[in-house]
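give me coordinates for this.
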Amino acid sequence: MKNSKGFTLIELMIVIAIIAILLALAIPAYQDYTIRAKVGEGLSVGASAKLAVSESCQTDPTISPGNDAVGYSFTGSPYVTSVTVGGSCGAPTVTVVTANTGASTDVTLLLTGNYTDGAGRYSWECENTTGENRHVPATCRS
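Reported below is the predicted structural model:
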């Protein structure tokens, strides 16, 4: 029998098949990760609206939070189409609508503030109102 050096065609085909299987698993996971990162930008953009609400309600607890009432204006973002402030100082809301993230449905995040004490502090909860849970940050999954 003749000694063969190197790889045979069958060995190379097996390696290519294994790589193809790994790619078939990795690509969808990576796509979800990139969508989740783009949607996560909505939380970062919404943070300035939460700060505006907290400061305004601490100054004047009788106002009804709105973009103009709290002095907040949304400046634009590649993945966020709008940020809207609403509710009352007792339970303010910030609604963040995303777009161009690659998700099949644009994700809308609802941030709800809970007044925790007399010092004007809020604890904020995030809820996914539209879109798939796999496309939102872990803190917003229901």
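
can you map out the strands along this protein?
Assigned by DSSP state E, the chain shows strands spanning 80-87, 92-98, 108-115, 122-130.

ok, the shortest one: who's next to it in the sheet?
Take DSSP bridges as the rule and strand 92-98 pairs in its sheet with strand 80-87 (antiparallel), strand 108-115 (antiparallel).

what ranges do the helices span in this protein?
Ranges of helices in the chain, per DSSP state H, are 9-59.

got any ranges where it has weak pLDDT?
1-2, 4, 117-120 (pLDDT under 70).

can you mark which positions in stretch 33-41 are buried?
35-36, 38-41 (16 or more other C-beta atoms under 10 Å). Bear in mind the C-beta positions are built from the backbone N, C-alpha and C, glycine included.

returning to what we had before: tell me the most buried of the strands of the chain?
Stretch with highest mean neighbour count among these: strand 92-98 (a mean of 24; mean count of other C-beta atoms under 10 Å).

ok, and what's touching that one?
Outside strand 92-98, the residues within contact range by C-beta atoms under 8 Å, 6 or more residues apart in numbering are 38-39, 41-43, 45-46, 49-50, 53, 57, 65, 79-87, 106-113, 122, 131.

cool, and stretch 129-138?
Residues from elsewhere that reach stretch 129-138 (C-beta under 8 Å, 6+ apart): 32, 35-36, 39-40, 43, 98, 101, 103-110, 126, 128, 141-142.

ok, 7 Å please
Stretch 129-138 is contacted by residues 32, 35-36, 39-40, 43, 103, 105-110, 128, 141-142 when judged by C-beta atoms under 7 Å, 6 or more residues apart in numbering.
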